[in-house]
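In: could you look at this predicted model? Sequence included:
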Amino acid sequence: MTAAEQTARPDALIARVLEGGRLARGEAPALWEAPLTQLGAAAQALRMKKVPARTVTYLVDRNINYTNACVTVCKFCAFYRYPGNADVYVRTKDEIGRKIEELLAIGGTRILMQGGHNPDLGLPWHEDLLRWIRASFPTLDIDAFSPSEIDHIARIENLPVETVLARLAEAGLTGLPGGGAEILDDEVRDWISPLKQKTDGWLSVMRGAQALGLATSATMVIGFGETLVHRLNHLERLRRLQDEALSTHGNGFTSFIAWTMQLEHNDLGKAVARRGHKPSGAHTYLKHLALCRLYLDNIAHVSASWPTQGEGVAQVALGFGADDFGSTMMEENVVSASGAMECAKTVEAIRRQIRQAGFEPVQRDTRYRRVEVPRAPAGSTALLHAAGLKI
């Protein structure tokens with residue numbers, strides 16, 4: 001065996017990464033061929049170096065979809081309705097306010113507000129909504145409007161993305177969620193979402209948000225029929241942007257989360273099947289999660305995805321490099337429309353599942369700071385039922 005072949009062996013690559021070395025783009029395919037258990041153990045060892053405490057964090061939040069109108073018609077989305085459809089909605093301030101009040105009643109600290117690419121909602125509408133939320137609920141973290149939504153608003157207003165971001169931040173925006181990334185490779189994007197912003201556009205919006213000091217997260221969705229090359233292109237682009245952000249202003253992605261595409265109730269599922277691709281299962285998800293932890297060496301926190309994988313696989317993911325169990329997702333309409341397994345959890349359920357996996361649960365905020373908040377008062381069970389949470 002040559003010296004080059006020896007260094008490309010999974011055990012040699014893993015040893016180097018655990019000693020602080022960086023996995024090169026061309027080395028990742030060899031690591032992908034490692035057995036699942038070996039890859040998982042390596043990812044967990046690196047996790048314990050990056051986040052050494054025997055704790056797992058979680059966030060108490062609520063997703064609020066302020067509109068379902070969208071002109072981008074992504075093949076994988078079963079949530080959107082084209083403008084003019086009888087089912088199109090735009091949430092009123094009263095509706096959004098009631099949802100936030102239900103969240104605060106159980107100790108929630110953040111809303112994740114996203115919608116479609118609604119051509120009738122310009123920048124002033126979004127600014128007005130943010131100012132109202134900030135004035136009405138001053139302690140709340142507002143992570144809203146994914147990069148593709150920011151791009152859409154900028155196009156409507158014929159303004160630079162940087163201007164749109166600055167105005168939204170001034171109005172009260174505190175963070176930009178990582179939605180809309182899917183696979184950051186235009187060969188995949190041109191197939192699954194040809195009208196959506198391209199890879200460079202997504203990265204550019206995140207770059208602008210980070211420069212303004214907004215909290216940002218990185219996401220990835222697998223299972224479109226993409227290749228390992230496509231996935232590694234995605235990871236490499238995230239890692240490069242994170243290097244740039246940390247060296248420039250110290251404000252990069254707070255976390256990374258990956259999940260498998262839900263294909264049960266959308267047009268893409270049939271197209272993927274026709275191409276001969278099978279849905280990504282637990283084995284692929286866990287192996288991918290472990291590889292992501294090893295590759296994204298400059299992103300501290302990696303989250304498990306219980307809504308798409310189920311609580312059992314998510315608990316296993318806590319031994320495959322994940323140090324976060326995600327959030328209560330008091331309301332979720334987008335992924336669940338395509339067939340997600342679960343849609344909401346109580347705080348108690350999340351804490352119990354973390355403990356069952358062998359870790360101590362710790363509530364956090366968007367920036368992974370520990371949160372100490374009063375629990376829901378006695379008699380709040382009816383409120384949780386009304387909000388659609390499992391007891």
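Out: That came in fine, so what should we check first?
In: can you pull out the low-pLDDT segments for the chain?
Out: Residues of the chain meeting the criterion pLDDT under 70: 1-7, 262-279, 331-344, 373-391.
In: max-length helix in it?
Out: Looking across the chain with DSSP state H, the single longest helix is helix 228-248.
In: right, and the helix or strand after that one?
Out: Next in sequence after helix 228-248, counting helices and strands by DSSP states H and E, comes strand 253-260.
In: from the contact counts, what lies against that next one?
Out: Under the contact definition 3 or more Cβ pairs under 8 Å, 6 or more residues apart in numbering; DSSP states H and E, strand 253-260 sits against strand 215-222, helix 228-248, helix 282-295, strand 301-303, helix 306-309, strand 324-327. For the C-beta atoms, the positions are set from N, CA and C on the backbone; glycine is no exception.
In: what strand or helix carries D200?
Out: Secondary structure (DSSP H and E) places D200 in helix 199-211.
In: do the same with A30
Out: helix 28-32.
In: distance from whichever helix or strand comes after that helix to the middle of the chain?
Out: Under the assignment DSSP H and E, the closest C-terminal helix or strand after helix 28-32 is helix 36-50. Centre-to-centre, helix 36-50 and its host chain are 21 Å apart (Cα atoms, centre = their mean, to the nearest Å).
In: same question for stretch 361-369.
Out: In terms of Cα atoms, centre = their mean, the centre of stretch 361-369 is found 15 Å from the chain centre.
In: list of residues touching it?
Out: Applying Cβ atoms under 8 Å, 6 or more residues apart in numbering, the contact partners of stretch 361-369 are 55-60, 107, 109-110, 141, 143, 174-175, 215, 254-255, 300-301, 324-325, 347, 350-351, 354-355, 370-373.
In: what are the buried residues along that stretch?
Out: 361-366, 368 (16 or more other Cβ atoms under 10 Å).
In: out of those, who's nearest L203?
Out: T366 (20.6 Å; Cβ to Cβ).
In: residue contacts, M113?
Out: M113 touches 63-66, 96, 142-145, counting by Cβ under 8 Å, 6+ apart.
In: buried stuff in whatever helix or strand A349 lives in?
Out: Secondary structure assignment for A349, by DSSP H and E: helix 347-356. Going by neighbour count (16+ other Cβ under 10 Å), the buried part of helix 347-356 is 347-351, 353-354.
In: if I look at the residue nearest the centre of the chain, how far off is L195?
Out: Nearest residue to the geometric centre of the chain (Cα atoms, centre = their mean): T219, 4.3 Å. To L195, T219 is 19 Å away according to Cβ to Cβ, to the nearest Å.
In: could you dump the helices and strands packed on strand 253-260 to JSON lines with distance to L36?
Out: JSON lines is the format used below for the helices and strands packed on strand 253-260 (distance: least, Cβ to Cβ, whole Å):
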{"stretch": "strand 215-222", "distance to L36": "15"}
{"stretch": "helix 228-248", "distance to L36": "15"}
{"stretch": "helix 282-295", "distance to L36": "5"}
{"stretch": "strand 301-303", "distance to L36": "17"}
{"stretch": "helix 306-309", "distance to L36": "15"}
{"stretch": "strand 324-327", "distance to L36": "21"}
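In: among the ones you listed, which is nearest V316?
Out: Closest approach to V316 among these (Cβ to Cβ): helix 282-295, 6.4 Å.
In: just the CA coordinates of the closest one, formatted as PDB?
Out: Extracted C-alpha coordinates of helix 282-295, given in PDB (Å, rounded to 0.1, in the frame of the first residue of the first chain):
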ATOM      1  CA  ALA A 282     -32.300   6.100   8.800                       C
ATOM      2  CA  HIS A 283     -28.900   4.500   7.700                       C
ATOM      3  CA  THR A 284     -28.300   7.200   5.100                       C
ATOM      4  CA  TYR A 285     -29.400  10.000   7.400                       C
ATOM      5  CA  LEU A 286     -27.200   9.000  10.300                       C
ATOM      6  CA  LYS A 287     -24.200   8.400   8.000                       C
ATOM      7  CA  HIS A 288     -24.700  11.800   6.400                       C
ATOM      8  CA  LEU A 289     -25.100  13.500   9.800                       C
ATOM      9  CA  ALA A 290     -21.800  12.000  11.000                       C
ATOM     10  CA  LEU A 291     -20.000  13.000   7.800                       C
ATOM     11  CA  CYS A 292     -21.300  16.600   8.200                       C
ATOM     12  CA  ARG A 293     -20.000  16.800  11.700                       C
ATOM     13  CA  LEU A 294     -16.600  15.700  10.600                       C
ATOM     14  CA  TYR A 295     -16.600  18.000   7.500                       C
END
